[in-house]
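In: sharing a sequence plus its predicted fold:
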Amino acid sequence: MKIIKEEKGYITSIILLILLIPVLLLMIIIIEEYSEDTNTTIQNIESEKIKTKTEDFENEIITISKETLHNVTLDVITRKKALTNSRTYLKKIIQEKINEKQKKYGAENIIINTEVKQIESSNDPFKIEINYIITSTANNSNIKIRKENKKLIDITDTKYPVYDPLPTLKIGATIKNNQINFQDKLAEYIESENNTAYTNAKTSIIIKKCPYSDYIQHGNNNQTITNCLHNHYYHNSHDGLCLLCRLENKTSCNHYGIETFILPTLEYDKAPASIDHVLLNDKNNQYDGNKIKINNKTILYLDNGHKTKYGL
Ligand SMILES: [Zn+2]
Ligand SMILES: [Zn+2]
């Protein structure tokens, strides 16, 4: 009987063991799945972090570019010296600042590498285009992001004002309190009759975009045009120069550009047209305009093209 009992116990143990095997297997599977889940979660968190940091850095690229445009235009008007190649020059400065900023991200374990491919004028003359390739990863990570991107840099952000280099480069105009006083320099530069209409003319040095985007509305009421002239706003123009060509002191360019009014100080029936790219153009490319009285203190000389464009 004892033998039978012992045999029974032995059999029970084997059965129990056999029953335990699937339970153990199941546990192993569950543990493996759990650790895989944890790994995927860690990877997701890591890739999310790299993604966010890359986006942050791309915003930094925009800020760096705005800052550079502010500094470079200020430097050019201060030194009164044109750039030989504004695109390459800006690209070099922006790349240097980006490299510096990348080091700071490296200290936070995010490795970013940006190559600025190109700085160019854009279809919107109040924006400059930047092309770059950015790659990013983290230390000891197999996650890598690579992006080839194109961004537009606004040149009218009041936090980073951009200066118009043309009046200074073209005729050496003096700057005081963000204003250009042409004194007699502009009148001397203009060769046509009634050039004295621009003696002591003043204009702004900061490029501000005219808020009246439907240009023909300038003529709708006196307040609109007075406000535009008083603020020295800039407008889109096919004949005007783009910012990058202004930095090179060119007289014409193939890009979509900008133009602003220059207010005359003396009244004639006819005088050179009160548009910056006309007055600051090569001497044989300046042309006249007829007098338009805005109010008792303000007059403009405009050719038919500009008169129609602004509804005056
Ligand atoms: Zn305007
Ligand atoms: Zn241009």
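Out: Arrived safely, thanks for sending. Ligands and ions are numbered 1, 2, ... in the order given.
In: next, see if the strand or helix carrying residue 228 gets close to ligand 1.
Out: If you go by DSSP states H and E, residue 228 is part of helix 222-231. Yes. Applying Cβ under 5 Å from the ion, one finds helix 222-231 touching ligand 1 at residue 228. Backbone N, C-alpha and C define where each C-beta goes, glycine included.
In: any residue of the next helix or strand after that helix touching ligand 2?
Out: Under the assignment DSSP H and E, the closest C-terminal helix or strand after helix 222-231 is strand 234-237. No. Judged by Cβ under 5 Å from the ion, strand 234-237 stays clear of ligand 2, getting no closer than 11.4 Å.
In: all strands of the stretch 201-312 of the chain, in order?
Out: 202-204, 234-237, 257-260, 270-272, 288-293, 299-302 (DSSP state E, counting those that start in this stretch).
In: would you format those strands as a markdown table with mean pLDDT included?
Out: Shown next, in a markdown table, are the strands of the stretch 201-312 of the chain (pLDDT from 0 to 100):
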| stretch | mean pLDDT |
| --- | --- |
| strand 202-204 | 92 |
| strand 234-237 | 98 |
| strand 257-260 | 97 |
| strand 270-272 | 96 |
| strand 288-293 | 95 |
| strand 299-302 | 96 |
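In: with distance to residue 28 and mean neighbour count as new columns, can those be given to me in CSV?
Out: Listed next are those as CSV, based on distance: least, Cβ to Cβ, whole Å; neighbours: other Cβ atoms under 10 Å:
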stretch, distance to residue 28, mean neighbour count
strand 202-204, 76, 17
strand 234-237, 70, 22
strand 257-260, 71, 23
strand 270-272, 90, 22
strand 288-293, 89, 16
strand 299-302, 87, 24
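In: please tabulate those in TSV, including the columns distance to ligand 1.
Out: Shown next, in TSV, are the strands of the stretch 201-312 of the chain (distance: least, Cβ to the ion, whole Å):
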stretch	distance to ligand 1
strand 202-204	12
strand 234-237	5
strand 257-260	8
strand 270-272	20
strand 288-293	14
strand 299-302	12
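In: coming back round to it: got the angle for the helix holding residue 228 vs strand 288-293?
Out: Going by axes from the mean of the first three to the mean of the last three Cα atoms, to 10 degrees, helix 222-231 is angled at 120 degrees with respect to strand 288-293.
In: residues from the stretch 201-312 of the chain in reach of ligand 2?
Out: 242, 245, 253, 255.
In: pretty sure the first one contacts residue 123?
Out: No. Because the distance of 10.5 Å does not satisfy Cβ atoms under 8 Å, residue 242 is recorded as not touching residue 123.
In: can you list residues touching both of the two?
Out: Taking Cβ atoms under 8 Å, 6 or more residues apart in numbering as the criterion, residue 242 and residue 123 both touch residue 256.
In: how about residue 139: what's its closest non-neighbour residue?
Out: In this structure, residue 139 finds its nearest non-sequential neighbour in residue 109, 5.1 Å apart by Cβ to Cβ, 6 or more residues apart in numbering.
In: likewise residue 238?
Out: residue 256 (6.5 Å).
In: count of neighbours near that neighbour?
Out: By other Cβ atoms under 10 Å, 16 other residues sit near residue 256.
In: ok, the one 5 residues further on next?
Out: Burial measure for residue 261: 24 neighbouring residues, criterion other Cβ under 10 Å.
In: same thing with residue 225?
Out: 23.
In: contacts only, for it.
Out: The contact partners of residue 225, by Cβ under 8 Å, 6+ apart, come to 218, 219, 294, 310, 312.
In: now do residue 161
Out: By Cβ under 8 Å, 6+ apart, the residues touching residue 161 are 70, 206, 207.
In: give me the pLDDT value at the last one.
Out: With respect to pLDDT, residue 207 has a value of 97.
In: in the stretch 1-150 of the chain, which spans are strands?
Out: Assigned by DSSP E, counting those that start in this stretch, the stretch 1-150 of the chain shows strands spanning 110-121, 127-138, 144-154.
In: looking at these, which is closest to residue 233?
Out: In terms of Cβ to Cβ, the element of the strands of the stretch 1-150 of the chain nearest to residue 233 is strand 144-154, at 15.4 Å.
In: direction included, what does the closest one pair up with?
Out: strand 127-138 (antiparallel) (DSSP bridges).
In: got the angle between the strand it pairs with and strand 110-121?
Out: Going by the same axes, to 10 degrees, strand 127-138 makes 160 degrees with strand 110-121.
In: just use 104 as the starting number from now, easier for me
Out: Let's use 104 as the start, then, which means that last one is strand 230-241.
In: sorry, back to before: flag whichever of the residues of the stretch 304-415 of the chain next to ligand 2 scores worst on pLDDT.
Out: Within those, lowest confidence goes to residue 356 (92).
In: so which strand or helix has the closest residue to residue 383 other than its chain neighbours?
Out: Closest residue to residue 383 apart from its sequence neighbours, by Cβ to Cβ, 6+ apart: residue 273 at 4.6 Å. Per DSSP H and E: residue 273 is located in helix 269-274.
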